[in-house]
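Chemist: Just a sequence and a predicted model for now, questions to come.
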Amino acid sequence: MGAFRIGEAILGLIACVLAAYIAWGTWTAPAVAARTVVGPGVFPSLIAAGLLAVGVRLLYDARAHDTPMTPIPPIDWPAVLIVGGSLLAFVLLLERLGWVLSGTLLFMGVARGFGSRAWLLSAVIGLVLTILVFVIFDGGLGLNLPVGEWIEPVLEPTGLLG
């Protein structure tokens, strides 16, 4: 029998506790009357089940079965800071710029953090994806994503805002 990997065990325990917390919160939430087959508790239950499976697997793997530890690669701090800064900018700009523009900026930042140098291509892909998500959520599912308080005055004269 090999060494016990404490890091994997801690991560496995955290995943199991988080799964239990999500499951408990889902199952004890007040019932919502819905006319759909898939209720509001289905996706949180699936997430809890997935987290539990991952946690159990990590706990199982914590008992290193005579496999050598793989070295931890060095952290690419510039990439971490670019992605983290992009996420922070997204959160701060979402209400002002709206989903489409802030999501596009997030996509561009994450692409840059992963090494992309093609700013224009990242912007076009990000714009297409965020518009697609906006149309699906806003038009198809009836869930309102923010248009942006700085963008609404620009779009209002065009009649694009319903």
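Modeler: Received, thanks.
Chemist: From Gly12, how far out is Pro44?
Modeler: 20 Å (C-beta to C-beta, to the nearest Å). Bear in mind the C-beta positions are built from the backbone N, C-alpha and C, glycine included.
Chemist: These two: who's more crowded?
Modeler: Applying other C-beta atoms under 10 Å to Pro44 and Gly12 shows that Gly12 carries more neighbours, namely 20 against 15.
Chemist: Residue nearest the middle of this structure, spatially speaking?
Modeler: Leu87 (10.3 Å; C-alpha atoms, centre = their mean).
Chemist: That one: which element?
Modeler: In the assignment (DSSP states H and E), Leu87 maps to helix 77-113.
Chemist: what does Glu149 give?
Modeler: Following DSSP H and E, one finds Glu149 outside all helices and strands.
Chemist: and it, what does it touch?
Modeler: For Glu149, the contact set (C-beta atoms under 8 Å, 6 or more residues apart in numbering) comprises Glu95, Arg96.
Chemist: Check Ile10 too.
Modeler: Applying C-beta under 8 Å, 6+ apart, no residues contact Ile10.
Chemist: Now do it against Trp24, distance only.
Modeler: Distance from Ile10 to Trp24, by C-beta to C-beta: 21 Å.
Chemist: sorry, back to before: and the next helix or strand past the helix holding Leu87?
Modeler: Assignment by DSSP H and E places the next element after helix 77-113 at helix 119-134.
Chemist: can you list contacts of that following helix?
Modeler: So helix 119-134 is in contact with 99-101, 103-108, 111-112, 116, 145, going by C-beta under 8 Å, 6+ apart.
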